[in-house]
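In: Here is the input, now give the coordinates:
(2 chains)
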Amino acid sequence: MNETELLARLREEIPFQEASPKAERLFLAGLEHASGNPRITRRRAARWRSARRSQLTGQLALAAGLSLAVAASAAAAAGLVGGASSVVSPAPHPGGARVAPAVRELAYRVAAAAGQQPQVSPNQWVDWKETNLNNGAKHNFEVWTTADPTKAAFVANGKVYNINTPALGKNQQYIGQPQGSVIPAEHGGGADYSGVTGTIPVAYADLGSLPSSPKALDRYLADLKGPDVGLDPPAIREFNAIEDMIISYVMPPQLTAELYRALGEIPGVTADEHAVDVAGRPGIGFISPAYSDGSRDEIIVNPQTYQFTGYNSVENGHPVSYGTAILSEVPVSGPGVQP
Amino acid sequence: MTEQGQRPDLPARPAGDDAEDDAAVIRRSHDEPEHFAVLFRRYAPGVQRYVRRRLGVSAADDVVAETFLAAFHRRDRYDLERESARPWLYGIATNLMGRYRRSEIQQYRMLSRTGHDPVTEPFTDRVDAAVSAEGQRGELAAALARLPAAHRDTLLLVVWGDLSYNEAATALGIPIGTVRSRMNRARTSLRRSLTTAGEPEPDGPHREWSAVTRVKES
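Out: Numbers count the residues shown, from 1 in each chain, chains lettered A, B, ... in the order given. Got it, this is the predicted structure:
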């Protein structure tokens, strides 16, 4: 037996089968998003499944809203869906889906959108316009960072001021974007910076070494050790790591897509189709499992484009008191340059 | 290297889908985007099998879906003179698999070192078909891991993807001469690995060596 025949034998060990339900579901979700017509895609999927006499009837009932998707999954699991063309009534959706398939579905849609974004190099400058809510006080600001946020700058009185990120100290960096302000001359002059600081467990330079499959990526993130990685449960550590990267780095689109897919595989992550960012814009949110104090973090995306639009911290039973809304995020040629 | 439709285990297509070639499906999908799903139905099983063999079941689901979504987004650039989209789709799948190169090589190395093939685990009842080649699977896997990525992609598109040399050239966007060259080099590399493992090469250098020895003695 020659080498080609041996090689062919290895392939024969894999059976020729219908596309897996997961691959089909992911493709149809992406096609729906791309074509912008959920009803047409759902009809096509239903006729297709009927023709193949599949056992998947009802499982792929892609609805226009998350609440429909949640109800369809639950009904299918309970054996209540009788055929490919069954219509599932919307279920009440109090702001936190518990059914994992809906979160995974959302994650893959967001990943598909993220994967279509243009490539970016680590030293690409980006102009950010944001609204920040901190302890109930809201503040709009503009800042420029490189994609790998090793450099940052702000503009005041027509002058560009560099924000000295190395001054934060070893392994310290801004989580999200820093804000800059000018110190009045009577108070000594110069510039001041503020923002959430800490250590993102995966450096920008190491992003390429992340596992690509969602579950392997989650395990990897849960196992990371570092000064800011505490004793939270694995699901919290995974969510935190992904959140920090999404809000701080401007990454190659495929990496961003992989992070969103991994987000959808974290146990306890829920979807919120009634999310609102601190700029008052409606969105869809990924809500973290609860921290020890009952609070949760939320990553928000645009409900139409699935673009990242902001993040909140939601305290147990209280309105949002901390959060950032990304009003715009645009690549530019240098610090201080307007799009 | 059979064309779809000649495989005995291919499921029956719904009436209406058979009438159109792939170019017609793509052309129609410009006005009816959902019609692109016909290509998924036609080619996803084959692409899935090819990708599963290289990356395993779990990663294959993502890659298969992404392949057809990427194809959908690029359909404006598809050459409608090409009736079959198969090389195009396999080329996209191969390109997407580049992200998983490290894990693919790790699987070959695992097979090489331990004899355990993580890719076939879900299908263990079929592994008996390869028992007779058990001893050489490890060397073959190690040789696959050592191949340059471009050679491995070309080789596996032909052997596991069932593409002809012409189709592989189209899939990879390279001249057919390059496909032939890569195939020769890849096969030679695999053959040497298997030969080193103990099996004599039937028409190999042993005879040439003997001939040179005789010339020197005279």
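In: any idea how far A:V143 is from A:V160?
Out: 11 Å (CB to CB, to the nearest Å). Any C-beta I mention is one placed from the backbone N, CA and C, and that applies to glycine too.
In: of those two, who's got more company?
Out: For A:V143 versus A:V160, neighbours defined as other CB atoms under 10 Å in any protein chain shown are more numerous around A:V143 (23 against 14).
In: mind checking the SS state of that one?
Out: Secondary structure, DSSP: H, G, I helix; E, B strand; the rest coil: A:V143 is strand.
In: Can you name the residues that contact it?
Out: A:128, A:130, A:152-154, A:163, A:177-180 (CB atoms under 8 Å, 6 or more residues apart in numbering or on different chains).
In: ok, what's across the strand from it?
Out: When assigned by DSSP bridges, A:V143 has beta-bridge partners A:W128.
In: rewinding a little: now the common contact residues for A:V143 and A:V160.
Out: A:153-154.
In: Tell me which stretches of chain B form helices.
Out: For chain B, the helices defined by DSSP state H occupy B:22-29, B:37-55, B:57-73, B:86-97, B:101-114, B:134-146, B:149-159, B:165-172, B:176-196, B:205-217.
In: wait, which of those is closest to A:Y311?
Out: Taking CB to CB, helix B:57-73 is the member of the helices of chain B nearest to A:Y311, at 25.4 Å.
In: List buried residues within the contacts of A:V143.
Out: By neighbour count, with 16 or more other CB atoms under 10 Å in any protein chain shown, these hold A:128, A:130, A:152-154, A:163, A:177-180 as buried.
In: Any buried residues in whichever helix or strand A:T131 is part of, and which?
Out: Using DSSP states H and E, the element containing A:T131 is strand A:125-134. Neighbour-count burial for strand A:125-134 flags A:125-133 (criterion: 16+ other CB under 10 Å).
In: Check stretch B:148-155 too.
Out: B:151-155.
In: got a list of contacts for it?
Out: By CB under 8 Å, 6+ apart, the residues outside stretch B:148-155 that reach it are A:7, B:94, B:98, B:101, B:144, B:147, B:168, B:172, B:179, B:182-183, B:185-187, B:189-190.
In: do the same with stretch A:310-328
Out: A:127-136, A:140, A:176-177, A:243, A:247, A:275-279, A:281, A:283, A:285, A:287, A:290, A:293-300, A:308-309, A:339.
In: Just the buried residues from those residues, in ChimeraX please.
Out: Burial among the contacts of stretch A:310-328 is assessed by 16+ other CB under 10 Å; the matching ChimeraX selection reads:
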select /A:127,128,129,130,131,132,133,176,177,243,247,275,276,277,278,279,281,283,285,287,290,295,296,297,298,299,300,308,309
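In: Out of the contacts of stretch A:310-328, which sit inside helices?
Out: Counted as lying in helices by DSSP H, out of those, are A:243, A:247.
In: which ones are touching the closest residue to A:E258 other than its chain neighbours?
Out: Closest residue to A:E258 apart from its sequence neighbours, by CB to CB, 6 or more residues apart in numbering or on different chains: A:S212 at 5.6 Å. Counting by CB under 8 Å, 6+ apart, A:S212 makes contact with A:258, B:59, B:99-100, B:103.
In: From those, list the buried ones, please.
Out: Taking 16+ other CB under 10 Å as the criterion, what is buried in these is A:258, B:59, B:99-100, B:103.
In: ok, back up a step: which one among the contacts of A:V143 gets closest to B:H35?
Out: Scanning the contacts of A:V143 for proximity to B:H35, where the rule is CB to CB, the winner is A:W128, at 40.5 Å.
In: Surely that closest one is in contact with A:E329?
Out: Yes: A:W128 is in contact with A:E329 according to CB atoms under 8 Å; the separation is 5.6 Å.
In: any idea which of the contacts of stretch B:148-155 has the most stuff around it?
Out: For the contacts of stretch B:148-155, neighbours tallied by other CB under 10 Å; top is B:A168, 28 neighbours.
In: Distance check, it against B:D153.
Out: 9 Å.
In: go on, B:G91?
Out: Distance of B:G91 to B:D153, computed by CB to CB: 9 Å.
In: quick one: common contacting residues for the two?
Out: What both B:G91 and B:D153 touch, as defined by CB under 8 Å, 6+ apart, is the set B:L172.
In: which stretches of the stretch 101-250 of chain A have low pLDDT?
Out: A:101, A:165-171, A:225-231 (pLDDT under 70).
In: Which residue ranges of it form helices?
Out: With DSSP state H, counting those that start in this stretch as the definition, the stretch 101-250 of chain A shows helices at residue ranges A:214-223, A:234-248.
In: Of those, flag the one that's most buried.
Out: helix A:234-248 (a mean of 22; mean count of other CB atoms under 10 Å in any protein chain shown).
In: Can you spell out which helices and strands pack onto it?
Out: Helices and strands touching helix A:234-248, by 3 or more CB pairs under 8 Å, 6 or more residues apart in numbering or on different chains; DSSP states H and E, are strand A:173-182, helix A:214-223, helix A:253-263, strand A:296-301, strand A:308-314.
In: confidence score at the residue lying closest to B:G98 once chain neighbours are set aside?
Out: Distance criterion CB to CB, 6+ apart; nearest residue to B:G98, sequence neighbours excluded, is B:A149 at 7.4 Å. B:A149 carries a pLDDT value of 91.
In: for A:P90, same thing?
Out: Looking at A:P90, its pLDDT reads 30.
In: again with A:S333
Out: On the pLDDT scale, A:S333 gets 93.
In: Check whether it really touches A:Q124, as I assumed.
Out: No: counting by CB under 8 Å, A:S333 sits too far from A:Q124 to count as a contact (9.3 Å).
In: Comparing the two, which shows the higher neighbour count?
Out: It is A:Q124, of A:S333 and A:Q124, that has more neighbours when counted by other CB under 10 Å, with 16 against 10.
In: Pretty sure that one sits against A:P149.
Out: No: contact criterion CB under 8 Å: A:Q124 and A:P149 do not qualify, at 11.0 Å.
In: which residues of chain A fall in strands?
Out: A:125-134, A:137-146, A:152-156, A:159-163, A:173-182, A:191-198, A:270-276, A:282-287, A:296-301, A:308-314, A:322-332 (DSSP state E).
In: Now residue 178. Nearest residue, chain neighbours left out?
Out: Here I'm looking at chain A. That would be A:G195: by CB to CB, 6+ apart, it lies 3.8 Å from A:P178.
In: looking at chain B here, not the other one
Out: Per CB to CB, 6+ apart, closest to B:T178 is B:A169, 7.3 Å.
In: Now do A:P253: how many residues are near it, please.
Out: 17.
In: wait, it sits on A:A112?
Out: No: if you go by CB under 8 Å, A:P253 and A:A112 don't touch, sitting 10.4 Å apart.
In: re earlier: outside of the strand holding A:T131, which residues touch it?
Out: Outside strand A:125-134, the residues within contact range by CB under 8 Å, 6+ apart are A:138-147, A:151, A:177, A:179, A:250, A:277-279, A:320-335, A:337-339.
In: hang on, B:R28 packs against B:E34?
Out: No: between B:R28 and B:E34 no contact is recorded; they are 10.1 Å apart, counting by CB under 8 Å.
In: What residues does A:S292 make contact with?
Out: For A:S292, the contact set (CB under 8 Å, 6+ apart) comprises A:D232.
In: Roughly how far does B:T178 sit from chain A?
Out: 19 Å (CB to the nearest CB, to the nearest Å).
In: Where does pLDDT dip in chain B?
Out: In chain B (pLDDT under 70), the answer is B:1-18, B:124-135, B:196-218.
In: just to revisit the earlier point, from the contacts of stretch B:148-155, pick the one nearest B:L111.
Out: Closest approach between those and B:L111, by CB to CB: B:L144, at 9.0 Å.
In: measure the closest one to chain A for me?
Out: Taking CB to the nearest CB, one finds B:L144 at 8 Å from chain A.
In: tell me the contacts of that residue?
Out: Counting by CB under 8 Å, 6+ apart, B:L144 makes contact with B:108, B:152, B:190.
In: The same query, at a cut-off of 10 Å, please.
Out: The contact partners of B:L144, taken as CB atoms under 10 Å, 6 or more residues apart in numbering or on different chains, are A:7, A:10, B:54, B:104-105, B:107-109, B:111-112, B:151-152, B:155-156, B:186, B:189-190, B:193.
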